[in-house]
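*Asks:* Test case, fold it:
(chains A, B, C and D)
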Protein chains: 2
Amino acid sequence: MSEQPIIIKQIIGKTLKAIRMKHGLSQEDLAHECGVDRSYISMIEVGRNEPSVTKIFDLCKGLNIKPSDFFKIVEAEYQKFSQNSGEIE
Amino acid sequence: MSEQPIIIKQIIGKTLKAIRMKHGLSQEDLAHECGVDRSYISMIEVGRNEPSVTKIFDLCKGLNIKPSDFFKIVEAEYQKFSQNSGEIE
DNA sequence: ATGTAGACTCTTGTCGACA
DNA sequence: TTGTCGACAAGAGTCTACA
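*Replies:* Numbers count the residues shown, from 1 in each chain, chains lettered A, B, ... in the order given. Below is the predicted model of the structure:
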């Protein structure tokens, strides 16, 4: 049951990384900004951990974006991915 | 650091319950619909567990709503809550 | 129809250190 | 600057069963 054909953590990771880099922040900057561990951000971006909603809200605050916008991107990628059943990018 | 003044799990639970009931579904209906445990849905709605993003996507699929819409509601409640610094309802 | 409990497994999330 | 490893406490998530 934990076998999701479409892996949401990977989409979240890719999305987070893209936004973080667009803002010109390092992982450490962001980690310090929102009070989470740097290695944890790495884990997320690389798709190993799926952050909780609470953590995503924290991260979005550090990135000055609205969580709903973040999830809009994730949802769009999710649908793209489920249609193509292929690459994330 | 895991001390969030504003508890997102409670907002998620309240939101899920409201949408589920608007759709006229029981917890068991929804659980069966999206392949999760019924007691788990109860846990979420009551604010004891914070579901992962993956689970929220599953639940939204069972409710025929877009995850981004779900999070839009959660975000709105979150902001209302952080302004009033009071009741969720 | 819902909340809760116990017991269990797996993952999240933190921290320090190393490539 | 980032990925990863190991260890650890805490929480997610399942299942059975009872109020």
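*Asks:* any idea how far residue A:27 lies from chain B?
*Replies:* 17 Å (Cβ to the nearest Cβ, to the nearest Å). C-beta: built from backbone N, CA, C; applies to glycine.
*Asks:* number of nearby residues for that residue?
*Replies:* 19 (other Cβ atoms under 10 Å in any protein chain shown).
*Asks:* need the residues of chain A near DNA strand C, please.
*Replies:* A:2, A:9, A:35-37, A:39-40, A:43, A:48-52, A:54-55 (Cβ under 7 Å from any atom of the strand).
*Asks:* Please, which helix or strand holds the residue most central in space within chain A?
*Replies:* With distances taken as Cα atoms, centre = their mean, residue A:12 lies nearest the centre of chain A, 3.0 Å away. Secondary structure from DSSP states H and E places residue A:12 in helix A:8-22.
*Asks:* From the contact counts, what lies against that helix?
*Replies:* Applying 3 or more Cβ pairs under 8 Å, 6 or more residues apart in numbering or on different chains; DSSP states H and E, one finds that helix A:8-22 contacts helix A:38-45, helix A:53-63, helix A:67-84, helix B:53-63.
*Asks:* Next, the contact list for residue A:19, please.
*Replies:* Applying Cβ atoms under 8 Å, 6 or more residues apart in numbering or on different chains, we find residue A:19 in contact with A:63, A:65, A:70.
*Asks:* So residue A:47: helix, strand or coil?
*Replies:* Assigned with DSSP: H, G, I helix; E, B strand; the rest coil, residue A:47 falls in the coil class.
*Asks:* and the gap between it and residue A:11?
*Replies:* 9 Å (Cβ to Cβ, to the nearest Å).
*Asks:* So if I had to pick from the two, which one is more boxed in?
*Replies:* residue A:11 (22 against 17).
*Asks:* The more buried one reaches residue A:79, doesn't it?
*Replies:* No: taking contacts as Cβ atoms under 8 Å, residue A:11 lies outside contact range of residue A:79: 10.3 Å.
*Asks:* any low-confidence regions in chain A?
*Replies:* A:1-6, A:84-89 (pLDDT under 70).
*Asks:* circling back: quick check: of the contacts of residue A:19, which lies closest to chain B?
*Replies:* Set against chain B, the nearest of those by Cβ to the nearest Cβ is residue A:70 (8.2 Å).
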